[in-house]
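Novice: coords below, sequence missing:
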């Protein structure tokens with residue numbers, strides 16, 4: 001419950017920020033999370049191996065996005081169904 005309240009307050013704060021502020025925060029977070037590639041001095045085989053690693057990572061992330069989107073849609077559907085049932089019980 002507390003975590004949900006914190007998320008709501010954070011979202012409210014974010015809505016009050018200008019697009020420039022949000023973009024700056026996004027860039028700083030990305031700079032912290034994503035380390036630059038060190039490609040200097042690598043031969044062709046090493047570059048190919050790095051490309052394969054990045055491709056595998058990208059595939060995993062796309063799979064996670066798909067699964068989370070599917071889960072979100074199912075939960076949204078369940079919420080609508082439960083809301084409708086609650087309305088029917090109140091009327092009943």
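Specialist: Here it is on my side, so go on. In this text the structure is predicted, and so the values were computed from the model without any measurement.

Novice: I'd like to know how many residues surround residue 42.
Specialist: Each residue near residue 42 was counted by other CB atoms under 10 Å, and the total is 13. From N, CA and C alone the C-beta is placed, and that goes for glycine too.

Novice: Would you mind giving the secondary structure of it?
Specialist: Secondary structure, DSSP: H, G, I helix; E, B strand; the rest coil: residue 42 is coil.

Novice: so it touches residue 48, yeah?
Specialist: No. The pair residue 42 / residue 48 is not scored as a contact, 9.7 Å apart, by CB atoms under 8 Å.

Novice: residues bridging contact with the two, i.e. touching both?
Specialist: Contact with both residue 42 and residue 48 is made by no residue, according to CB atoms under 8 Å, 6 or more residues apart in numbering.

Novice: Now do the domain split for this structure, please.
Specialist: 1-31, 43-92 (automatic domain parsing).

Novice: Going by mean pLDDT, which of those comes out lowest?
Specialist: Lowest mean pLDDT of the domains of the chain: domain 1-31, a mean of 80.

Novice: Thanks a lot, catch you later.
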